[in-house]
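A.B. asks: whatever this is, show me its structure:
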Amino acid sequence: MQQTAIGWLVLELTGSPSDLGLVLAAGGIPSLLFGPWGGAVADRVDLRKLLIVTQALYCLLAALLWALALVGAVSVPALVAIGAAAGIVQIADSPARQAFVSRLVPPEDLTSAVSLNGVVINSARVVGPALAGVLIVTVGTTVCFGINALSYLAIIAALLFIRPRAAGGPAPAGRRGVKEGLKYAASRQQLWLPLAMMSVVGLLAFNFAVVLPVFAKQTFHGSGGTYGLLTTMLSIGAVLGSLAVGLVRHPRRPYLLVAALGFALTSTATAAAPNVPVACVTLLITGAAAFCFVTLCSTTLQLHSSSAYRGRIMALWIFVYLGTTPIGSIITGWIIAAGGPRTALLVGACACLAAAGLAAFVRTPVDPDKALTDLA
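C.D. replies: Next comes the predicted model:
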């Protein structure tokens, strides 16, 4: 809701797409620069207490934005500053939230828990912007900021009452740095393979925010409603894909391979869609395949990382999943300028094929000390 309201507010204030891009980019830059260090923080402290602190900081930032909006003092520099501050908080918050999931359920239920988490997130991507649109039209953007600020109180209250199954603990002295986390990930195929696959896919295939507006406007000569429809179909598919992964109890390497291949095929089908109705169908399937892949990768990393390193592993996950977006968006923009959105989708499909090839041809570890479980 807040992101949608911010986008509308910036366009109301300046009418400049470049200002909008600056505001939206401000929140992602800290994670791009310092994301892996957030995992080192998460591995040093109690995750529940860390999350209470980060959610409280988010609440204060949201309340500040709400207050500025109430008195009519919102400006682009203020939005950039608040976005950058939230991005700094996200450095520690994101890996902590990811790692905290494994503390709430037994290992045999982790896949379902991660899947449910994905369903909630992707459902919010469908419902949040729609609700924000209604509120913006009826009562304005300020109410969206107020609701967001107040929502953190419920989250903080929940965290105060939650009692994790496993208390866990900080990593031993000398093993808390980013370097040790990188060595740990590099020594286990169950960790570096999903990270490597997501690096390739995230860079070139997960740039729908760049592709779909141009796809709707230039390819299908549609309006903002067309763009909204395509985005909604992709999000609904993402929810279905996340639900489907909940049926997988123990993700293995062949599942990653199949999911990457499915993402490649559905992206190709979307690139070939002749009209909006067909594109809606292909994007529904693309969203399902894409988030099957994402959820399988995330679950694999959580299942096969020890509690002492899980924060740093999930920080690496956030880095390759979200940190590649700014760079990938620039590359995708160049591809669209040169060959159009269909070409960009095909390049993304090739990236998925490359990731599938990595999963197909990499050797399976045989050293039991190097692997927790054989993914093959």
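A.B. asks: tell me how far the nearest residue to S242 once chain neighbours are set aside lies from L243.
C.D. replies: Of all residues beyond its chain neighbours, the one nearest S242 is G118 (3.3 Å), with distances taken as Cβ to Cβ, 6 or more residues apart in numbering. Yep, even glycine has a C-beta here, placed from its N, CA and C like the rest. In this view, G118 and L243 are 8 Å apart by Cβ to Cβ, to the nearest Å.
A.B. asks: the more surrounded of those two?
C.D. replies: G118 (23 against 19; other Cβ atoms under 10 Å).
A.B. asks: pretty sure the more buried one sits against T295.
C.D. replies: Yes - using Cβ atoms under 8 Å, G118 is in contact with T295, at 4.8 Å.
A.B. asks: joint contacts of those two?
C.D. replies: Both G118 and T295 are in contact with G241, S242, V245, where contact means Cβ atoms under 8 Å, 6 or more residues apart in numbering.
A.B. asks: count the residues that sit near the first one.
C.D. replies: G241 has 29 neighbours, counted by other Cβ under 10 Å.
A.B. asks: quick one: contacts for it?
C.D. replies: G118, G287, A288, A289, A290, F291, C292, T295.
A.B. asks: quick one: which of the residues you listed is nearest T14?
C.D. replies: G287 (32.0 Å; Cβ to Cβ).
A.B. asks: how far away is that closest one from F215?
C.D. replies: G287 is 14 Å from F215, by Cβ to Cβ.
A.B. asks: what's the separation between the residue nearest to P341 when sequence neighbours are not counted and Y227?
C.D. replies: Leaving aside its sequence neighbours, P341 sits nearest to F215 (Cβ to Cβ, 6+ apart; 4.2 Å). Separation of F215 from Y227 (Cβ to Cβ): 8 Å.
A.B. asks: so for these two, which residue has more residues nearby?
C.D. replies: In this view F215 and Y227 are compared by other Cβ under 10 Å, and F215 has more residues nearby, 27 against 17.
A.B. asks: which helix or strand lies directly C-terminal to the helix or strand containing A69?
C.D. replies: Here A69, judged by DSSP states H and E, is contained in helix 47-70. In the C-terminal direction, the helix or strand that comes right after helix 47-70 (DSSP H and E) is helix 76-101.
A.B. asks: roughly how far is that following helix from the heart of the chain?
C.D. replies: 13 Å (Cα atoms, centre = their mean, to the nearest Å).
A.B. asks: buried stuff in the helix or strand following it?
C.D. replies: Heading C-terminal from helix 76-101, the first helix or strand you meet, by DSSP H and E, is helix 110-138. For helix 110-138, a neighbour-count test (16 or more other Cβ atoms under 10 Å) marks 110-119, 122, 125-126, 128-129, 132-133, 135-136 as buried.
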